[in-house]
Structures are given as C-alpha cells and as structure tokens.
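1. no sequence for this one, just the structure:
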DNA sequence: ACATTGGTACCGACCAGTTGGTATGTGACG
DNA sequence: CGTCACATACCAACTGGTCGGTACCAATGT
C-alpha cells in the first residue's frame, strides 16, 4: 500500500527493454548497448544492476515468468468452475493474446532456450524452469478431467501439459516464419480440437 | 559415373560445418571464424564462396532442406500404401530420428527463423520456404485420408500439415529446455494420438 | 613443345567498428 | 562521513569483411 504507482526503476526499465529487444533480435544479437539505449540508461547502470549480460538474461527470464504468471492467474477464464471448460478456455485465451507485433506476443523463454541451451547453461536452466512452472499450472485441471471422465490414457497429465506448451512454442516459430499470427491461431485450434476429442467434449 | 566418391569440396565442408555450429550456438552466436575453424578452411575461402555471413545462412538453409528432402523421400515408411498409415509412420519416423545430441537432430530452420525473422529477412524467407515445402509433402496423404473417411472438418489439409510442424518445432524447444529428446518423444506420441482420434484409426 | 593468358580456388594479413566488461568519478542522501 | 545509484571514459578482444597475392589448370598462340 505504501508504493503509490512508483516510476519504474532503472533495473525494471532494463528488464522491460530486454523483453522487447531480445524477442526482436535474439539474445546473441542483442548488445548491452542496445539494451541501454532502449532503456534510456548508460552502461554503468547496466553493470551496476547485473554482473554480466548472461546474468541479465537470467533475470529477464524471471521477469518474463513473473509477468506471465500475473497475466494468467488474473485472467477471467480462471473463474470457470469446470476443469475441462477452464482448460479449453486457456487455449482460447492464448489465442486472444496473439495481438500486436511478433516481438510483443512471442515467448522470451522459447527464444532464450533455443539460442542458449548449449552455450549458456544458466540461461537455459532459467528458461526451462519458467516454462515448466507454467505448464505445471495446467496439470490440476488436466488431472481433474482425466479423473472425472475416467480417461483411459497411456500418458500423464504432465505430458499433456507439456504438449500444450510445445504446440504454443511451435506455433510461435511458424508465426515468425510466416510473418504473422494467423498460423498460430490455426495451430491452437488444432490443439483445442485434440483436447475435445481426447475428453469427448460435448459442445 | 565419372565422380568416384569425390571428397567434399570446400563449400560443402563450410555448409556442413554451418549445420552443426549454428544448431549448437545459434546464428548470431556463430562467428565466421568458428565456421572456418570447424570446416578447416580459412576466411579467404569463406568469402570466396559466400558474399556475406547472411548469404551463407541462406545457403545453409537450402543445404539443410535438401538433406531433409533426401532423408524423408528415401525413408522406408514412404512405401506404405495406405495414406493414414503413411501419415502415422511419418510421425514414428520423426520419433526414430531423435538420436544423438541435440545439435544433431534439431532443426536448423527453426533455429534460424527464431533469431533472424526481424533482423535478416532473407534468412527468414529461406527458412519459411523449406519448412513450408516440407509441410506440403504431407498434404496429399492428409487430403486422401480426409476424402476416404469423409472427415467433417472445419480445417484444411494444409493447416493440419503445418500443425504437425508446429508440434515438431515446439518439441525441439522443450527438448533443448530439458536437455534431452524424451519430452519430444512424448509430444510426438500426443501428435500421433491426435491423428488417430481425428481419423478414427483402428489399431 | 612451350610460353602466355585468363580464370578459379584459396590463403592470411589486415582493417575499422563493435563487443562485453572495467575503472574511476560524482552527486544525492542518510 | 560513507554508501548507493548511476555516469563517463576507456580497454583488449573479437567482429564481419577486404585485399593483394599465390598455386593450379585449361585453353590458346606460335
């Protein structure tokens, strides 16, 4: 209650700049100077807050994870009571946020891990953590649907949760290849179709 | 008949090196010197064959596309006569090639487009082209299955073909995040499950 | 038979600009 | 006073790219 809409501090400005610039140009393609210019600060400030570029990327992954956590936990669809409806509404919500430019709606974590998985283990570990945490938020609903419908499955709730994330990450890659979100919407429709078939959803 | 297993020429050595190194470190993270060292040639040779690093990446995308085209067109599963069996066998084949290290089985095109979509339009266009061409090879089988089973669908064969590629690309990202192919296998199992449900496949 | 020409393939030193990172300074604040 | 939060100047290493030169080969002229 104390903080009355404080201006973003320098560290936050740098992290917000990182979200935008890294999603636009990639991690290796982004220089520290790029970030400083976008954030409107100097290099001295950058290395005051982060001990290296890699350290900043780890913090940016956490920043992105926290932003996503806020977005999804506050979304309207979370109030639905039926687990299957909530799961399907999650996919619809993901479709609805495919707005604006590609750097605005694509996933920093997928971008980071693709570039850094071999060369920057700390970044890869952070990306993996926040992707996995997000997937985990879907598991209770999936488990509930499986139990309620007595789904005969040779797979786990966790594997289906990860599958949804694979579709989302893959749809971002195709969206980047094709220069717009339409193909990603189509992919999420197929994902929705799969979930409905799997759980024998009646319209 | 003249050429009796000629040694790979310098250009090919550079392109093969590019497949490996770029999939390991990303495009921006790979220097021209890295490539030359891996290929065992000098920078003079590099810029003799490619007018720029970007030009080389476009050629590497084509090289990767040609390699994939050879791999899939020669694969055993192609001899199956039933289109649905062939489609399902494609997914199984994709599972079977998830062997070795991550840089060996992941997709150069996905890696390139994720990094270059905003900053290097020529690279993005090449990646899009070869991804789309590969997806297109699945369309005849999908169309045949849809026709044979009278599938009532509000989607097209092309959209399902692209969806398979999204799942594959996304499964590579998760594999990189988790450091191994197991999660990708799980994702391809879900893809297979979707196709079977969609087309009412009897085991 | 042999010198000349011209082209391809390649080498490796070199260049200007950029990179991540550091060292030092400075003003505000407690 | 000291500490925090930054700014400025600077550096060695590396970047993509250039350029003059060399080795080799085939065609051509005499």
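-> Alright, I've got the coordinates. All figures in this text were calculated on a predicted structure; none of them were measured in a lab.
2. Identify all contacting residues around stretch A:112-127.
-> Here stretch A:112-127 makes contact (Cβ atoms under 8 Å, 6 or more residues apart in numbering or on different chains) with A:22, A:26-28, A:54-55, A:57-58, A:60-62, A:109-110, A:128, A:131, B:24-26, B:28-29, B:102-103, B:110-111, B:114-115, B:172-173, B:176-177, B:179. To be clear about C-beta, it is placed using only N, CA and C from the backbone, and glycine gets the same treatment.
3. and the closest residue to DNA strand D within chain A, how many neighbours does it have?
-> Per Cβ to the nearest atom of the strand, residue A:44 is where chain A lies closest to DNA strand D, at 2.1 Å. Neighbours of residue A:44 under the rule other Cβ atoms under 10 Å in any protein chain shown: 8.
4. For it, which three-state class applies?
-> At residue A:44 the chain is in helix, as set by DSSP: H, G, I helix; E, B strand; the rest coil.
5. Please spell out the ChimeraX selection for the buried subset of the contacts of stretch A:112-127.
-> Listed next is the ChimeraX selection for buried residues among the contacts of stretch A:112-127, using 16 or more other Cβ atoms under 10 Å in any protein chain shown:
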select /A:22,26,27,28,54,57,58,60,61,109,110,128,131 /B:24,25,26,28,29,102,103,110,111,114,115,172,173,176,177
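6. What about DNA strand C: which of the contacts of stretch A:112-127 touch it?
-> Under the cut-off given by Cβ under 7 Å from any atom of the strand, DNA strand C has residue A:54 from the contacts of stretch A:112-127 close to it.
7. Just the ones of the contacts of stretch A:112-127 in helices?
-> A:22, A:54-55, A:57-58, A:60-62, A:109-110, A:128, A:131, B:24-25, B:102-103, B:110-111, B:114-115, B:172-173, B:176-177 (DSSP state H).
8. picking up where we left off before, please report the distance of the residue of chain A closest to DNA strand D from chain B.
-> From residue A:44 over to chain B the distance is 25 Å, taken as Cβ to the nearest Cβ, to the nearest Å.
9. now do residue A:104
-> Per Cβ to the nearest Cβ, residue A:104 is found 12 Å from chain B.
10. Quick check: buried residues in stretch A:109-125?
-> A:109-120, A:123-125.
11. Is there proximity between it and DNA strand D?
-> No. Between stretch A:109-125 and DNA strand D, judged by Cβ under 7 Å from any atom of the strand, nothing touches; the nearest distance is 11.5 Å.
12. residue contacts, the closest residue to residue A:188 other than its chain neighbours?
-> With Cβ to Cβ, 6 or more residues apart in numbering or on different chains as the criterion, residue A:188 has its nearest non-adjacent residue at 4.9 Å, and that residue is residue A:95. Applying Cβ under 8 Å, 6+ apart, we find residue A:95 in contact with A:185, A:188-189.
13. Going by distance to residue B:199, which of those wins?
-> Distance to residue B:199, by Cβ to Cβ, is smallest for residue A:189 among these, at 17.0 Å.
14. Give me the helices and strands touching the helix or strand where that closest one lies, please.
-> For residue A:189, the host element (DSSP states H and E) is helix A:182-198. The contact analysis (3 or more Cβ pairs under 8 Å, 6 or more residues apart in numbering or on different chains; DSSP states H and E) places helix A:182-198 against helix A:83-96, helix A:157-178, helix B:157-178, helix B:182-198.
15. one more time with 6 Å
-> On a contact count with 3 or more Cβ pairs under 6 Å, 6 or more residues apart in numbering or on different chains; DSSP states H and E, helix A:182-198 meets helix A:83-96, helix A:157-178, helix B:157-178.
16. And stretch A:39-59, end to end?
-> Stretch A:39-59 has an end-to-end distance of 15 Å (Cα to Cα, to the nearest Å).
17. which parts of it are buried?
-> A:39, A:41, A:45-46, A:49-50, A:53-54, A:56-59.
18. same question, stretch A:165-181
-> Neighbour counts over stretch A:165-181 (16+ other Cβ under 10 Å) mark A:165-178, A:181 as buried.
19. ditto for stretch A:135-150
-> By neighbour count on 16+ other Cβ under 10 Å, the buried set for stretch A:135-150 is A:135, A:138-139, A:141-146.
20. Which positions in chain A make contact with chain B?
-> Counting by Cβ under 6 Å from any Cβ of the partner chain, chain A comes close to chain B at A:24-26, A:28-29, A:110-111, A:113-115, A:117-119, A:127-128, A:131, A:159, A:162-163, A:166-167, A:169-171, A:173-174, A:176-177, A:183, A:186-187, A:190, A:194, A:197.
21. Any regions of chain A where pLDDT drops low?
-> By pLDDT under 70, the low-scoring segments of chain A are A:1-7, A:203.
22. sorry, back to before: nearest to residue A:35, out of the helices and strands packed on helix A:182-198?
-> Nearest of the helices and strands packed on helix A:182-198 to residue A:35, taken as Cβ to Cβ: helix A:157-178 at 21.2 Å.
23. For that closest one, name the packing helices and strands.
-> Using 3+ Cβ pairs under 6 Å, 6+ apart: helix A:157-178 touches helix A:121-136, helix A:139-149, helix A:182-198, helix B:108-116, helix B:121-136, helix B:157-178, helix B:182-198.
24. any idea of the angle that helix forms with helix B:157-178?
-> With axes from the mean of the first three to the mean of the last three Cα atoms, to 10 degrees defining the directions, helix A:157-178 sits at 120 degrees from helix B:157-178.
25. The helix or strand containing residue A:17: which residues count as buried?
-> Using DSSP H and E, residue A:17 falls within helix A:10-25. Residues of helix A:10-25 classed as buried under the neighbour-count rule (16+ other Cβ under 10 Å) are A:10-11, A:13-25.
26. Tell me the gap between it and the middle of its chain.
-> Relative to its chain's centre, helix A:10-25 lies at 15 Å (Cα atoms, centre = their mean, to the nearest Å).
27. what about the helix or strand residue A:35 falls within and DNA strand C, any contact?
-> In the assignment (DSSP H and E), residue A:35 maps to helix A:32-39. Yes. Using Cβ under 7 Å from any atom of the strand, helix A:32-39 reaches DNA strand C at A:32-34.
28. Give the buried subset of those residues as a ChimeraX selection command.
-> Those of those that count as buried under 16+ other Cβ under 10 Å are selected in ChimeraX with:
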select /A:34
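29. Export the residues of helix A:32-39 next to DNA strand C as CSV, with columns for distance to residue B:91.
-> Formatted as CSV, the residues of helix A:32-39 next to DNA strand C follow (distance: Cβ to Cβ, whole Å):
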residue, distance to residue B:91
A:32, 43
A:33, 45
A:34, 41
